[in-house]
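K.L.:
Structure of the sequence below:
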Amino acid sequence: MTRDNKSKQDQINAMENLLQREAEKHQETLRLLEDEHTTQKQQAEHEIDVLRRQVCQLELHVEAYDVLEAANVKLRDRVEQLMQEMEQENKSHAEEIHKVRLDMFNHKMALEKVLYS
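P.N.:
Below is the predicted model of the structure:
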């Protein structure tokens with residue numbers, strides 16, 4: 001019976017060794033998975049930080065574009081106002097030239113009338 005017991009003890013020892021190796025493999029796998037999880041978490045946090053900085057930069061760009069757009073609207077309004085003023089001055093100038101030419105024509109006619117009468 002000792003031989004049978006020894007054989008069974010050897011089987012138990014072999015199974016315990018196998019169990020120990022499997023437990024070590026599982027521990028190593030678990031450690032690797034935890035490391036991978038930590039790395040992925042750090043990577044995600046880094047990407048979130050980068051994206052937050054990009055969002056801040058984009059918000060600043062939007063603010064700058066809003067300021068530029070407001071200034072552009074003011075400039076367009078001012079240009080339109082100046083164009084209207086110039087158009088009015090051109091119209092007044094044309095009317096003044098017409099009056100001067102008409103007056104010149106009338107003086108010429110009067111002068112010719114005096115000279116030829």
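K.L.:
The residue most central in space within the chain: which element?
P.N.:
Nearest to the geometric centre of the chain sits Leu58, at 4.2 Å (C-alpha atoms, centre = their mean). Take DSSP states H and E as the rule and Leu58 turns out to sit in helix 2-116.
K.L.:
and that helix, what's its mean pLDDT?
P.N.:
Taken as a whole, helix 2-116 has a mean pLDDT of 96.
K.L.:
Now do that helix: distance to the chain's middle.
P.N.:
Computed by C-alpha atoms, centre = their mean, to the nearest Å, the separation of helix 2-116 from the middle of its chain amounts to 0 Å.
K.L.:
other SSEs contacting that helix?
P.N.:
For helix 2-116, not one helix or strand is in contact under the criterion 3 or more C-beta pairs under 8 Å, 6 or more residues apart in numbering; DSSP states H and E. For the C-beta atoms, the positions are set from N, CA and C on the backbone; glycine is no exception.
K.L.:
can you tell me which residues contact Gln9?
P.N.:
By C-beta atoms under 8 Å, 6 or more residues apart in numbering, the contact set of Gln9 is empty.
K.L.:
what's the spacing between it and Arg3?
P.N.:
Distance of Gln9 to Arg3, given as C-beta to C-beta, to the nearest Å: 10 Å.
K.L.:
and if you look at Asn106?
P.N.:
Counting by C-beta to C-beta, the separation of Asn106 from Arg3 is 151 Å.
K.L.:
Who has more neighbours out of these two?
P.N.:
Taking neighbours as other C-beta atoms under 10 Å, Asn106 and Arg3 compare with Asn106 leading, 10 against 7.
K.L.:
Check the spacing between that one and Ala94 real quick.
P.N.:
Taking C-beta to C-beta, one finds Asn106 at 19 Å from Ala94.
K.L.:
same question, Phe105
P.N.:
Phe105 sits 16 Å away from Ala94, taking C-beta to C-beta as the criterion.
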